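>>> sequence below, structure please.
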Amino acid sequence: MKIDWKKLILSFAITWVAGGIGSLFTYPAIGNWYASLNKPPVTPPNWLFGPMWTVLYTIISISLYLFWVKSKKLNNLGGRLFIIQISLNLLWSIAFFGAHSIVGGLVTIIFLWFFTLANLIEFKAVDKQAGYLLLPYLAWLTAATVLNLSIAFYNP
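Numbering: from 1, shown residues only. The predicted model follows:
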């Protein structure tokens, strides 16, 4: 398969810009606000989040690229679902870490989970690999949703 460099670079740019903006809200809150929260014993260590999101944003980017190459355009249902879910991904960081809103984060991540599932289904219908590449992301979002819910429970 010939690589369409423009689409590949744009796929990474779209995903990583959202992740980069989200990190501007996340990193300042980790050492103080997030550290002060009561968390369940199964909370992953802070050092795991950076490497995990690096892997996830990379495979999300590749998924977008594969879908875009196969579908020839992004102005379709799969492209719109992608933009919604990556925007919700960013919004979660703003709500949870930026606004320190555990409930706002919880509501956002629930919407994010459902839009990511819809995105996965739509990508898979066009390119199976593109869809399957979103499975680790959906799994991480599932764990993050449970963690967000647990934090809401532990911090009434």
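>>> how many residues are close by residue 78?
Close neighbours of residue 78, defined as other C-beta atoms under 10 Å, add up to 26. Just so you know, the C-beta spots here come from the backbone N, C-alpha and C atoms, and that holds for glycine as well.
>>> and residue 143, by the same measure?
Neighbour count for residue 143, taken as other C-beta under 10 Å: 12.
>>> can you tell me the element it falls in?
In the assignment (DSSP states H and E), residue 143 maps to helix 135-154.
>>> what's that helix in contact with?
The contact list for helix 135-154 (C-beta atoms under 8 Å, 6 or more residues apart in numbering) reads 37-40, 42-44, 52, 55-56, 59-60, 96, 102-103, 105-106, 109-110, 112-113, 116-117, 120.
>>> of those residues, which belong to helices?
52, 55-56, 59-60, 102-103, 105-106, 109-110, 112-113, 116-117, 120 (DSSP state H).
>>> so where is this structure shaky, pLDDT-wise?
Within the chain, no stretch has pLDDT under 70.
>>> what's near enough to touch the spatially most central residue of it?
Geometric centre of the chain, nearest residue: residue 89, 4.5 Å, by C-alpha atoms, centre = their mean. Counting by C-beta under 8 Å, 6+ apart, residue 89 touches 18-19, 22, 112.
>>> between the residues you listed, which is nearest residue 70?
Comparing these against residue 70 with C-beta to C-beta places residue 18 closest, at 22.0 Å.
>>> isn't that closest one up against residue 85?
No. Contact status for residue 18 versus residue 85: not in contact, 9.7 Å apart, counting by C-beta atoms under 8 Å.
>>> more neighbours, those two?
With neighbours defined as other C-beta under 10 Å, residue 18 and residue 85 compare such that residue 85 has more, 26 against 21.
>>> gap between the more buried one and residue 115?
To residue 115, residue 85 is 4 Å away according to C-beta to C-beta, to the nearest Å.
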